[in-house]
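Asks: Below is the sequence, then the predicted model.
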Amino acid sequence: MNYSLLVPIYLAWVVKFMTELENCLNAVERIVEYTELDHEDLFEESDDDFEDINEFDLKFEKLSLSHGDILRPVVHNVNFQIPQGQRVALVGRSGSGKSTIINSLSGMSRIVQGDIKIGNISLSSVSILNLRKIIKTVPQDVHVFGGTIKDILDPNKEYEIQDIKRVLDDLEIKDQDLDSEVESFGDNLSMALKQELVIAQAILSQPKVLVMDEATSAIEDDRLMIAKLFKICKNLNITLISVVHRLSNITSYDRVLVIGDGRVLEDGKPLELLKKPMGFFSSLYRNSI
């Protein structure tokens, strides 16, 4: 009878250990799934055609997109053009298709029909490695690896120290010792500083297109950061595409694309769209105030 009274205690420990084992095996299951994914074509290829392009206009031609292997489109017949150097904001409610559209620029969304072109060159004909050199994406949830500040900004050792410092000065990221150590995953850095460093890394490579998915959300004075980004992009003639959730800075953009249900609902200058009292953009703006 004494031993039988201990059974509930032992059973509680068994359930605890089984739960911990199941949680740990979830990580193993994910790793196994990742090993079975199709590999991206990262082989270096020479894209000599880009040398002959003077204007890197971005063209979305009757584009429909889906997620992964799902054939059902979640973005339908998107058709617009972004001239080089233009500052464009994508706005819309959650699940409207904003992130799917920008992910298509880096090959992360599947094209069901239509095409994306830079100049007259289809992005599908460009190697992934070269594509991500001319198009840089900065997500909201940024990740950095351990090393030094310089390793984060220049992981491939491609740039001179003066070039790195010039970008930091342009973005006014001050008091950063390039040799200071960064812990794994940047645990000793604030989220705001990590966002600033990843933005600086993207600017340092001088891409033709810079895509930002609410990449200044943790920065205290994000208006000032966006103003500095606008100035840098103008000087370097970089096309800036931003997914914007907070509409307080929206009027400073050259153009706004309102996305809803995987379609472009409105397209125009922000101040002009605000003048439409029953418009989609003016409704979003009023609800955000």
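Replies: On my side now, so go ahead. Numbers count the residues shown, from 1 in each chain.
Asks: Out of the helices and strands in the protein, which is least certain?
Replies: helix 128-134 (a mean of 82; mean pLDDT, DSSP states H and E).
Asks: list the buried ones in the helix or strand just after that helix?
Replies: Next helix or strand after helix 128-134 toward the C-terminus (DSSP states H and E): strand 135-138. Burial within strand 135-138, assessed by neighbour count using 16 or more other C-beta atoms under 10 Å, is assigned to 135-138. C-beta coordinates here come from the backbone N, C-alpha and C atoms, glycine included.
Asks: buried residues in the least confident helix or strand of the chain?
Replies: Those would be 131-134, for helix 128-134 by 16+ other C-beta under 10 Å.
Asks: Dihedrals phi and psi, the spatially closest residue to Asp261 that is not a sequence neighbour?
Replies: Nearest-residue entry for Asp261: Ser96, 6.7 Å, with adjacent residues in sequence omitted and distances by C-beta to C-beta, 6 or more residues apart in numbering. With angles defined as degrees, to the nearest 10, Ser96 sits at phi -80, psi -20.
Asks: One more: Asp115?
Replies: Dihedral angles (degrees, to the nearest 10) for Asp115: phi -160, psi 160.
Asks: how close does it sit to Leu129?
Replies: Look at Asp115 and Leu129: by C-beta to C-beta, to the nearest Å, they are 20 Å apart.
Asks: Repeat that for Ile116.
Replies: When C-beta to C-beta is the yardstick, Ile116 and Leu129 sit 17 Å from each other.
Asks: Leu168 too?
Replies: Distance from Leu168 to Leu129, by C-beta to C-beta: 26 Å.
Asks: The spatially closest residue to Thr251 that is not a sequence neighbour: neighbouring residues, count only.
Replies: Spatial nearest neighbour of Thr251, excluding adjacent residues (C-beta to C-beta, 6+ apart): Pro270 at 4.8 Å. Residues lying near Pro270 (other C-beta atoms under 10 Å) number 20.
Asks: So the most centrally placed residue in the chain versus Val167, what's the distance?
Replies: The chain has Pro139 as the residue nearest its centroid, 3.3 Å off, counting by C-alpha atoms, centre = their mean. Distance, Pro139 to Val167, using C-beta to C-beta: 19 Å.
Asks: ok, back up a step: identify the residues contacting the residue nearest to the centre of the chain.
Replies: Residues near Pro139 by C-beta atoms under 8 Å, 6 or more residues apart in numbering: 213, 215.
Asks: Phi first, then psi, for it.
Replies: phi -80, psi 170.
Asks: Report the residue spans of this protein with pLDDT below the cut-off.
Replies: 40-53, 68-70, 289 (pLDDT under 70).
Asks: Repeat the analysis, applying 50 as the threshold.
Replies: The model of the chain has pLDDT under 50 over residues 47.
Asks: tell me the SS of the residue nearest to Val112 when sequence neighbours are not counted?
Replies: Counting by C-beta to C-beta, 6+ apart, Val112 lies nearest to Ser64, which is 4.3 Å off, once chain neighbours are set aside. Ser64 falls in the strand class when you classify it by DSSP: H, G, I helix; E, B strand; the rest coil.
Asks: Which residue ranges of the stretch 51-200 of the chain form helices?
Replies: Applying DSSP state H, counting those that start in this stretch to the stretch 51-200 of the chain gives helices spanning 98-103, 128-134, 149-153, 161-170, 191-204.
Asks: ok, longest helix in the chain?
Replies: For the chain, the helix that runs over the most residues, judged by DSSP state H, is helix 2-35.
Asks: Can you get me a residue count around the nearest residue to Ile118 once chain neighbours are set aside?
Replies: Excluding its sequence neighbours, the residue lying closest to Ile118 (C-beta to C-beta, 6+ apart) is Phe56, at 5.3 Å. By other C-beta under 10 Å, the residues close to Phe56 number 21.
Asks: so Phe56 touches Gly119, yeah?
Replies: Yes - using C-beta atoms under 8 Å, Phe56 is in contact with Gly119, at 6.1 Å.
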